[in-house]
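Fold the following and give me the result.
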Amino acid sequence: MTINFIPNDPNAVTDMQQRQQDARPDRPAGRANFNYEAHAAEAPFGVNQRDFLFWQSREAALAAVEAWETYAGNLARWSQGPRIDISLTYNDGETVGPRRLNAYYDTQGVRFFDFNDGTTTTFSAASTDTVSHEVGHALLDSQRPELFNSPLPEVGAFHEAFGDVVALLTALSDQATRIKLLEITPDLSLPNFVEASSEYLSAAILKQFGNVNPSKPRRALNTFKWQLPSTLPAGKFEDPPELLTRESHNFSRVFTGAFYDTLRGVFAASGAGSEAALLTAAQTCGRLLVEAVRQTPETARYFQSVGRAMVKADGQINNGANREIIGKAFSDHDIMLGSAAMTAPTAALAGPPPKILKASATIAPSTLSDLRERIGAKGARFAIRPLAMLGEGVAEAVHRREVPLGDIDTRLRGVVAFAAEPVLIGRSGARAAVLGALPEHNRTEDEVGAFVETLLRNGRIELDGKPKATAKTAKKKKGLVAAAAADDASSNNVRTHVIRTVGGKRVLTRIRFLCGCCI
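Here you go, the predicted structure:
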């Protein structure tokens, strides 16, 4: 039996119209799957019917996972288990009123909402863009679950960029979409319905709130340039869409732009210009990204780290055929790769080189002791893993620095965040050696402070009491005073973070990744 399906976004139907097609089969046994709500048997339901919404969102979610498996391999499980929920019009008790112009991923499921403005009801689950973006968060979480709770601005922004990239690659997995796209822009250089994300939700936001940050779709075709996140405005809902800030959805556009330019370059290099060549280019770029993500160190400069790892992956998979394309695409967005520097020895360490096996690595106690002294992390515990893609004999040692947050707001006294500080360890002669740069605790603390400031400005932390900057903050960090005041004004916003007690410490903890089209 056929269903009605919108293969892209409800507001892109002038380019990609709704069509009838067979519903995708259920996921094979032993693969990651979804928990579905009760529903009617498949049929070509009208777009205003709830049963249409079910089959539309199911088809979009399955399309995202099936596209993923063409460039990343079979998906056996999600980060928390074999299934996650798909919720069509979710009720979480806090996402109410216009805030229901929203969608999010919370490790247990992808959640979608509905909002009636008095004349029109907007369903976020009706957009394949939006559904595949949220599934993209879940896919990244399945590969690198430690990134979910990272308090580093670029890591959070990358999570959002990854969702947009998955939506892009999901669209390009559809043959009719590729054909139509190449009719509009044969070299992908013109604005188009594929590189624009969630137009439907953005239009509803524009109608409800006017010219606010998510009132225009994020676009992969862009010229945004990377800057240190701490030098950018913290970002807030009321900002115009054209302003680049360090807010995660906003800043994500820099990486998404670099990825899209990589895709354009790989497609152009094929010389074919056909829809089949476009599919190959999309799958090539998707594979490079996923291989990079699986082994990229969780650094403060995560965009650069992923780009460098994409170059390394291309060297192993494609004999470096796309090295120059990747480098130019990233440098055009001011992300300078210089991937050779990533694994160049920079300091000798005590002890022998690490011992590397296929699935594990061992670093000598004397080496780890020396490393603790160098990075000022007495008593630190390290998670160690091999990074074969970065070269033979390379291991990663990661500790998580405890960053106190009490200088930002009195309600954060006694609260900490844990930020990853990875170090690459290899050899120089017969000795262990640091490869690349050592982490600096001051930089880690600055990055975490910038991230928390943005959360406060947007009312994303569940806190008790009135915001009040500390005396130290008032003297030295005026931006954080403003952030505390903004948090009070945004006290009804949907939260992404809470304070939880972990191991006797009060820890800032992420509970969800919100859609960018929300307050």
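
Now for Arg19: which residues touch it?
By CB atoms under 8 Å, 6 or more residues apart in numbering, the contact set of Arg19 is 4-5, 7, 176. All C-beta spots, glycine's among them, are computed from the backbone N, C-alpha and C.

List just the nearest of those residues to Ser150.
Closest approach to Ser150 among the contacts of Arg19 (CB to CB): Pro7, at 32.9 Å.

how close does the closest one get to Thr170?
According to CB to CB, to the nearest Å, Pro7 and Thr170 sit 9 Å apart.

Ile363 too?
Ile363 is 40 Å from Thr170, by CB to CB.

If you count surrounding residues, which of the two has more?
Between Ile363 and Thr170, counted using other CB atoms under 10 Å, Thr170 has the larger neighbour count: 29 against 23.

My guess is the more buried one contacts Leu62. True?
No: using CB atoms under 8 Å, Thr170 makes no contact with Leu62, being 10.0 Å away.

Where does the residue nearest to the spatial centre of the chain sit: helix, strand or coil?
The residue lying closest to the centre of the chain (CA atoms, centre = their mean) is His159, at 1.1 Å. Assigned by DSSP: H, G, I helix; E, B strand; the rest coil, the conformation of His159 is helix.

which ones among the contacts of Arg19 are found in strands?
Using DSSP state E to define strands, the subset of those located there is 4-5.

quick one: which helix or strand includes the closest residue to Arg381 other than its chain neighbours?
Distance criterion CB to CB, 6 or more residues apart in numbering; nearest residue to Arg381, sequence neighbours excluded, is His399 at 6.3 Å. In this assignment (DSSP states H and E), His399 forms part of strand 395-404.

just Arg506 next, same as before
Counting by DSSP H and E, Arg506 is part of strand 505-510.

And the strands in the stretch 351-500 of the chain?
Here the stretch 351-500 of the chain has its strands, by DSSP state E, counting those that start in this stretch, at 355-356, 361-362, 383-386, 395-404, 415-428, 431-435, 497-502.

Adding mean pLDDT, distance to Gln17 and mean neighbour count as columns, could you present those in TSV?
Formatted as TSV, the strands of the stretch 351-500 of the chain follow (pLDDT from 0 to 100; distance: least, CB to CB, whole Å; neighbours: other CB atoms under 10 Å):
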stretch	mean pLDDT	distance to Gln17	mean neighbour count
strand 355-356	94	53	16
strand 361-362	96	52	16
strand 383-386	96	47	16
strand 395-404	97	48	20
strand 415-428	97	45	22
strand 431-435	96	52	21
strand 497-502	97	40	14
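
Dump those strands into TSV; add distance to Asn442 as well.
Shown next, in TSV, are these (distance: least, CB to CB, whole Å):
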stretch	distance to Asn442
strand 355-356	32
strand 361-362	28
strand 383-386	23
strand 395-404	11
strand 415-428	12
strand 431-435	18
strand 497-502	23
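
These: which one's closest to Pro28?
strand 383-386 (29.4 Å).

Show residues contacting the closest one.
Residues contacting strand 383-386 (CB under 8 Å, 6+ apart): 354, 356-363, 394-399.

ok, so of these, who is nearest Pro98?
Nearest to Pro98 among those is Val398, at 40.5 Å by CB to CB.

what's the distance between that closest one and Asn33?
Val398 is 31 Å from Asn33, by CB to CB.

same check, this time on Asp261
If you measure Asp261 against Asn33 using CB to CB, the figure is 34 Å.

quick one, which of those two is more surrounded?
Asp261 (24 against 19).

how close does Leu172 get to Phe52?
Distance, Leu172 to Phe52, by CB to CB: 24 Å.

quick one: contacts for the residue nearest to Arg381?
His399 makes contact with 375, 377, 380-383, 420-421 under the criterion CB under 8 Å, 6+ apart.

How about Trp68?
By CB under 8 Å, 6+ apart, the neighbours of Trp68 are 75, 139, 166, 169, 286.

Verify the contact between the first one and Ala32 for me.
Yes: under the criterion of CB under 8 Å, Leu75 makes contact with Ala32 at 4.4 Å.

Touching both of these two, which residues are there?
65, 142.

neighbour-wise, which of these two wins?
When Leu75 and Ala32 are compared for neighbours, Ala32 comes out ahead with 21 against 18, by other CB under 10 Å.

Next one: Thr470, what pLDDT does it get?
pLDDT, Thr470: 48.

now Val135
Val135 is given a pLDDT of 99.

Remind me which helix or strand it belongs to.
helix 128-143.

so how far is that helix off the chain centroid?
Chain-centre distance of helix 128-143: 9 Å, with CA atoms, centre = their mean, to the nearest Å.

Which secondary structure state does the nearest residue to Thr284 once chain neighbours are set aside sit in?
Nearest residue to Thr284 in three dimensions, chain neighbours excluded: Val266, at 5.7 Å (CB to CB, 6+ apart). Three-state call for Val266 (three-state DSSP): helix.

isn't Val266 right next to Leu278, touching?
No: counting by CB under 8 Å, Val266 sits too far from Leu278 to count as a contact (9.7 Å).

follow-up on the earlier one: which residues are in contact with each of Pro7 and Thr170?
With CB under 8 Å, 6+ apart as the test, Pro7 and Thr170 both reach 63, 128.

what bits of this protein have low per-residue confidence?
Scanning the chain for pLDDT under 70 picks out the ranges 339, 465-492, 516-519.

go with 80
Scanning the chain for pLDDT under 80 picks out the ranges 339-342, 389-392, 464-492, 516-519.

Okay, helices next: where are they in it?
With DSSP state H applied, the chain shows helices at 50-72, 128-143, 153-172, 175-184, 199-209, 248-270, 275-295, 302-317, 323-331, 365-375, 441-457, 471-476, 478-489, listed in chain order.

so how far is the first one from its chain's centroid?
Going back to what we said before, that points to helix 50-72. Counting by CA atoms, centre = their mean, helix 50-72 comes out at 19 Å from the chain centroid.

what comes up buried for that helix?
In terms of neighbour count (16 or more other CB atoms under 10 Å), helix 50-72 has its buried residues at 52-65, 67-68, 71-72.

Now, of the contacts of Arg19, which are buried?
So, by 16+ other CB under 10 Å, the buried ones in the contacts of Arg19 are 4-5, 7.

Contact partners for the closest residue to Thr122 other than its chain neighbours?
Spatial nearest neighbour of Thr122, chain neighbours left out: Ala204 (4.3 Å); criterion: CB to CB, 6+ apart. Shown in contact with Ala204 (CB under 8 Å, 6+ apart): 101, 115, 117, 120, 122, 517.
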